[in-house]
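> Based on what follows, work out the 3D shape:
(one chain, ligands or ions: 1)
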Amino acid sequence: MSETVLRATDLRVRRGGNDVIDGVTVAVDDGETVLVQGQSGSGKTTLFEIFGLLSDCSSGELVIDGVDVTGLSRRERALFRRDRLGMVYQDFQLIDDLTARENAQLPQSHARSYDDAWLDTVLDGLGISPIADRYPSTLSGGEKQRVAIARAVANKPDIVLADEPTGQLDPETTDRVISLLFEASELAATTLLTVSHDRRITSHFETIYRLTDGTLTRTETGDQRPISSDES
Ligand SMILES: Nc1ncnc2c1ncn2[C@@H]1O[C@H](COP(=O)(O)OP(=O)(O)OP(=O)(O)O)[C@@H](O)[C@H]1O
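Take a look at the predicted model:
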């Protein structure tokens with residue numbers, strides 16, 4: 001039986017007088033691929049930030065890898081994130097004056113624990129090797145996203161967390177990036193948890209939840225309708 005790698009119990013986040021996360025309870029197994037779908041404003045980024053230990057919940061319990069992370073100090077959280085979580089941010093968050101390779105290597109640099117062979121495997125696997133010496137300002141959106149994915153698995157994290165990894169990409173690049181996200185997660189043997197409004201990526205995931213006004217519900221199929229022109 002798979003082990004639970006992340007367990008959230010009755011998580012609540014109160015912002016501006018409202019519960020933007022309103023009693024989320026969920027368990028994610030080791031190696032599971034999970035998609036949290038939700039419309040704009042449903043609380044996806046807030047949940048990503050809570051699971052990524054980037055912000056605090058107002059109440060509830062969050063246990064990752066058997067550690068109650070709600071009790072950790074700011075510094076302990078940063079170290080926990082560095083060593084056990086791989087983050088793919090909506091806006092990539094690459095550092096402009098580092099090359100693609102240096103950006104991908106950042107988690108190893110922060111941990112002062114370099115593994116060049118693993119980094120090369122990831123860069124090759126994600127097709128980044130030919131652009132490894134280029135700076136972010138010279139890369140396309142899809143190329144930047146691949147570098148962000150490489151960075152997320154640089155320390156072989158237990159969980160990769162991704163916030164709208166395909167939100168700004170055209171259909172072809174979306175397919176390529178989502179495949180690479182899965183390949184990178186498989187390569188690093190990690191759990192993958194993605195939050196997204198992008199219905200094009202639904203069929204790739206084993207488990208799908210719907211987030212509506214801060215409440216999480218499991219669905220069998222998710223929302224696979226094409227995106228109409230009047231929606232984002
Ligand atoms: N600091 C804050 N103060 C007040 N309200 C906030 C704050 N942060 C977020 N919210 C509100 O919480 C809700 C959820 O925001 P969140 O960014 O998590 O949604 P989202 O699903 O990621 O949206 P999008 O897809 O547009 O990025 C929104 O209604 C937002 O306005």
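> This structure: strands as residue ranges?
Using DSSP state E, the strands of the chain run over residues 4-15, 18-29, 33-37, 59-64, 67-68, 85-88, 159-163, 191-196, 207-212, 215-219.
> got TSV for the ones you listed, with mean pLDDT, mean neighbour count and distance to residue 136 too?
In this view, the C-beta of every residue, glycine as well, is placed from N, C-alpha and C. As requested, those are exported to TSV (pLDDT from 0 to 100; neighbours: other C-beta atoms under 10 Å; distance: least, C-beta to C-beta, whole Å):
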stretch	mean pLDDT	mean neighbour count	distance to residue 136
strand 4-15	96	18	30
strand 18-29	96	18	31
strand 33-37	96	23	27
strand 59-64	96	18	29
strand 67-68	95	12	33
strand 85-88	96	26	15
strand 159-163	96	25	18
strand 191-196	96	25	22
strand 207-212	96	18	30
strand 215-219	94	14	34
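> nearest to residue 126, of these?
With C-beta to C-beta, the closest approach to residue 126 among the strands of the chain belongs to strand 85-88: 12.0 Å.
> will you turn the strands of the chain into CSV that also has distance to residue 111?
What follows is the strands of the chain, written out as CSV (distance: least, C-beta to C-beta, whole Å):
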stretch, distance to residue 111
strand 4-15, 20
strand 18-29, 24
strand 33-37, 25
strand 59-64, 18
strand 67-68, 17
strand 85-88, 12
strand 159-163, 16
strand 191-196, 20
strand 207-212, 30
strand 215-219, 32
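> would CSV of those with distance to the ligand be doable?
CSV is the format used below for the strands of the chain (distance: least, C-beta to the nearest ligand atom, whole Å):
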stretch, distance to the ligand
strand 4-15, 4
strand 18-29, 4
strand 33-37, 9
strand 59-64, 16
strand 67-68, 23
strand 85-88, 14
strand 159-163, 8
strand 191-196, 7
strand 207-212, 7
strand 215-219, 12
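> Out of those, the one nearest residue 172 is which?
strand 191-196 (17.4 Å).
> if we can go back for a sec, so which of the strands of the chain gets nearest residue 150?
When these are compared by C-beta to C-beta, strand 85-88 sits nearest residue 150, at 9.7 Å.
> Just give the number of residues close to whatever residue of the chain ends up closest to the ligand.
Nearest residue of the chain to the ligand: residue 16, at 2.8 Å (C-beta to the nearest ligand atom). If you count neighbours by other C-beta atoms under 10 Å, residue 16 ends up with 5.
> Could you report the separation of it from residue 4?
32 Å (C-beta to C-beta, to the nearest Å).
> Kindly report the same for residue 10.
Distance from residue 10 to residue 4, by C-beta to C-beta: 16 Å.
> just residue 85 next, same as before
Applying C-beta to C-beta to residue 85 and residue 4 gives a distance of 16 Å.
> got it, and residue 19?
The gap separating residue 19 from residue 4 is 25 Å, by C-beta to C-beta.
> List of residues touching stretch 144-154?
Stretch 144-154 is contacted from outside by 86-89, 92-94, 100, 103-108, 118-119, 122-123, 126-128, 136, 139, 160, 162, 165-166, 169, 173, 177, 180-181, 184-185, 187-188, 190, using C-beta atoms under 8 Å, 6 or more residues apart in numbering.
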